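[1] whatever this is, show me its structure:
(one chain, ligands or ions: 1)
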Amino acid sequence: MHVLVDTIVKLLADYMVDTKENFDDNFLGSFHSRNPDSVKVLSKMISSCLEEQLVNKIPEGSRACTKKANQNHIKLLKMQEKELSDLKDLLLTAKREFEDLQSQLQIDLKNIGSQVEEMSTAAVQYHKVVEENRKLYNMVQDLKGNIRVFCRIRPAFCAGTRNVIDFIGEDGSLVISDPLKPKKDGRKVFQFNRVFGPSATQDDVFNDTQPLIRSVMDGYNVCIFAYGQTGSGKTYTMSGPSGGSTKDLGINYLALNDLFEISNQRKDIISYEIQVQMVEIYNEQIRDLLSEDSSSTKYPFLLNSLEIRSCSNDNGLSLPDATLHKVKSTSDVLNLMKYGEVNRVVCSTAINNRSSRSHSVLTVHVHGKYTSGNMLRSCLHLVDLAGSERVDKSEVTGDRLKEAQHINKSLSCLGDVVTALAQKNSHIPYRNSKLTLLLQDSLGGHAKTLMFAHVSPEEDSFGETLSTLKFARRVSTVELGAARLNKESSEVMQLKEQIENLKKALANKEAPSTPSYKMKEPKSPFEKQMAAIEKTPPRTRRLSIENGSTMKSEKAMNAEDRRGPKIPSSITRARRLSSEGSRNEDNSQIKVSADVSRSLHASTVSVQKYSQFQDEEAVTKQFGNLSNGSSVMEAYHSKPPRSPTSSSFQKQALKTDCRTQIPRLELPSTPEPKVYTRNDIQNLMQTVISTESRTANGKGSQVRKSLRTTIGKLISGSEKRNLQKTLELKSPVRGVGNVHDLKSPPVTAHAKAARRESLTGVQTSGSNRSRRSSLGGKPIELSTPMSNNRNARTPPPVHPSSAKTTTRWL
Ligand SMILES: Nc1ncnc2c1ncn2[C@@H]1O[C@H](COP(=O)(O)OP(=O)(O)OP(=O)(O)O)[C@@H](O)[C@H]1O
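    The predicted structure is shown next:
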């Protein structure tokens, strides 16, 4: 019994200790649920047991003591009971409080949730607004024709170096701080269209570039160029990581890939042809990176530098002599790019172990033909500039130093051009370097242009970073004028073709004694001088090339280009070829016979039957066979070559002026073109007028307007000469209407000869009067109606031998 009591007491003590220390709701709960009044029962049991024992067994003396102890125990138990019940109450209160807190928390969480939701919708809205702002900003820039500028920051090479980039904003803001100045003073803020931080991927960069690239497929010319200090990541952005890795490929590849995708998507409405050229400008020499010569020679500097043409030739190629590769898939592009990259001059410097020592230009030519017959032609220049470098930093010597000097010089020329454009100067110094001359149409034309300004984040590059950012800021202020769409409707093309034919027909009709396309070599000094005048490029044209950037001059050029009569006719071109041949013969520079000139011209006519894109190579070969003066071309290297034997010149001779980017028109295959009657001309006029009225707005109507003017001039020019003074035309259209009622005046043999002379530029023997007098058979007086004729020819310069016999020019 004693043992039992001990055990029970011990158990009870343990239990109480446990209960006190591990006061646990579950335990108590479970305990109570199992034994609802267990504590009470147990205490009763123990007290009765104890009392019984005390009464029966304990001696009388110690009974009082035991009783007292018992009472103490009971007291203690009661206290503990009380404590327990207090604790229970406390627990219940705590539980209630906990529940209250829980519900409060839930309410709070709900509130926070709704607040977060609100904030996230606000954030989404904010992003939308920022995006919209950016689009609007870009739209404004499009309208203004600004060059867009993106900035990309290369990741730091060493983790420990101090970073000069303080902040990159989503809206294109960038803050850098000068490491040598206190933070507050050394901060500089820049604003661009977009800034890509070091963690931006190639895809991020491409996503923002894609819309611009896509507009190439809609007929816009686009130029993207990467600028920045050496080693700042230009080649990485444009081509991808060095070493020919196919991971993280750059914009060049992604752009072409995208163009193919679009071409596929639109194949039902338009068929595209995509061709690629890749050149580098190395030490002011333009080298073809895709030609077989480039890869086969160890001495690239021995290769001929390619010549830059104004894009106003009929195929829009500024480098017609560079190899043109047709690409049909991304793998074609990849192979070509690899081939080109291998040929590019790269070497190791103290800053970059694969430093590009040249500017590379990948040009993508897109030619699209709609099922409706409309055509578009555009090109995309992807330029990876060589990096500007401080020669003391890059530690280059010898050839590398020379390269660096060329690089820096051409970049400074680029800076001059940008400054001149930003200040809207009348003269833009494009001709100061090959780079600016090549990019002339992108920087100063109606192209969409994007510049990637690359910067290194390291503090020791701060100077270069600052100058790159300042340059980029200046570039972003350049206004180019709205980009121009190079798209022509089939109607306009047909009309242009008819005009070509008409011009030829008129030329043939009015110069019957001149055999078709047969050139006459100038013999007399006067003839030579006339020929020289015809072949001398007009000064204004040259200036307009230089000032092509300004909208004003561009407009003037467009107007000039659209004015039909200014396009040299076949005869004039033939004469030019002939006179060129004779001039060169005289100078003993190139021995070309008139036969060669004639055969050149014959080739011209036949070659024009082929489309430029497909048969460029064939044309080159054809002329290559005839050409024997390539060395002379080198001598003319810095000027537009005028040698008739230079294939490029010959090609140029074939081309109609195409600043309007209109594809080559097909000439009739027979040497005897159709003779157009007055009715034909009238019909054509009607067509033009009706087309004009159908499309009241837009560029097409402008072109048609100019066509109408051209036809008008053609008619008025020829008819006025034919009908002479009897026909007093007030407007070309009215003139056409009256023509049947009029009779040609009798024209004397003398007058006929004189008129022929004026048209052919060949003076007949014994002629002793002015060319102008030939129009009427006698010198024209100031009072004659023809004195007001706007189509009157420009007087030729007075030759010493004929000065005395020439009457006064009006
Ligand atoms: N955004 C980037 N992410 C990762 N690596 C980069 C990045 N940009 C550049 N690099 C690395 O930095 C190094 C230098 O880059 P890159 O050759 O493209 O510079 P660059 O400006 O073309 O130099 P240079 O003008 O001398 O040719 C390369 O090793 C390249 O892989």
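
[2] how about the residues of the stretch 401-550 of the chain by the ligand?
    residue 454 (C-beta under 6 Å from any ligand atom). C-betas here are computed from N, CA, C, even on glycine.

[3] for the stretch 251-400 of the chain, which segments count as strands?
    270-282, 285-288, 325-327, 346-347, 355-356, 359-370, 375-384 (DSSP state E, counting those that start in this stretch).

[4] closest to residue 155 out of these?
    In terms of C-beta to C-beta, the element of the strands of the stretch 251-400 of the chain nearest to residue 155 is strand 355-356, at 18.2 Å.

[5] tell me which of the strands of the stretch 251-400 of the chain approaches residue 159 most closely.
    Of all the strands of the stretch 251-400 of the chain, strand 355-356 comes closest under C-beta to C-beta, at 23.3 Å.

[6] domains of this protein?
    2-125, 149-476, 511-669, 746-810 (automatic domain parsing).

[7] for the longest one, what does the pLDDT average out to?
    Per-residue pLDDT values over domain 149-476 give a mean of 83.

[8] isn't residue 279 right up against residue 307?
    No: using C-beta atoms under 8 Å, residue 279 is not in contact with residue 307; the gap is 11.4 Å.

[9] so which of those two has more stuff around it?
    Between residue 279 and residue 307, residue 279 has the larger neighbour count (other C-beta atoms under 10 Å), namely 31 against 24.

[10] any idea how many residues pack against residue 340?
    Neighbour tally, residue 340, other C-beta under 10 Å: 24.

[11] state the distance from it to the ligand.
    Distance, residue 340 to the ligand, using C-beta to the nearest ligand atom, to the nearest Å: 15 Å.

[12] repeat for residue 153
    Residue 153 is 8 Å from the ligand, where distance means C-beta to the nearest ligand atom.

[13] partner residues bridging that residue?
    Using DSSP bridges, the bridge partners assigned to residue 153 are residue 455.

[14] the one 10 residues further on too?
    Beta-bridge pairing of residue 163, defined through DSSP bridges, involves residue 458.

[15] that one against residue 456, yeah?
    No: Residue 163 is beyond contact range of residue 456, at 10.1 Å (criterion: C-beta under 8 Å).

[16] which strands and helices sit next to the top helix by length along the chain?
    Of all the segments of type helix in the chain, defined by DSSP state H, the longest one is helix 60-144. Other helices and strands packing on helix 60-144, by 3 or more C-beta pairs under 8 Å, 6 or more residues apart in numbering; DSSP states H and E, are helix 25-34, helix 38-56.

[17] ok, now how distant is the residue lying closest to residue 477 once chain neighbours are set aside from residue 436?
    The shortest distance from residue 477 to any residue other than its chain neighbours is 4.9 Å, reached at residue 422 (C-beta to C-beta, 6 or more residues apart in numbering). Between residue 422 and residue 436 the computed distance is 14 Å (C-beta to C-beta, to the nearest Å).

[18] ok, the two, which is more surrounded?
    A direct count of neighbours by other C-beta under 10 Å for residue 422 and residue 436 places residue 436 higher, at 22 against 16.
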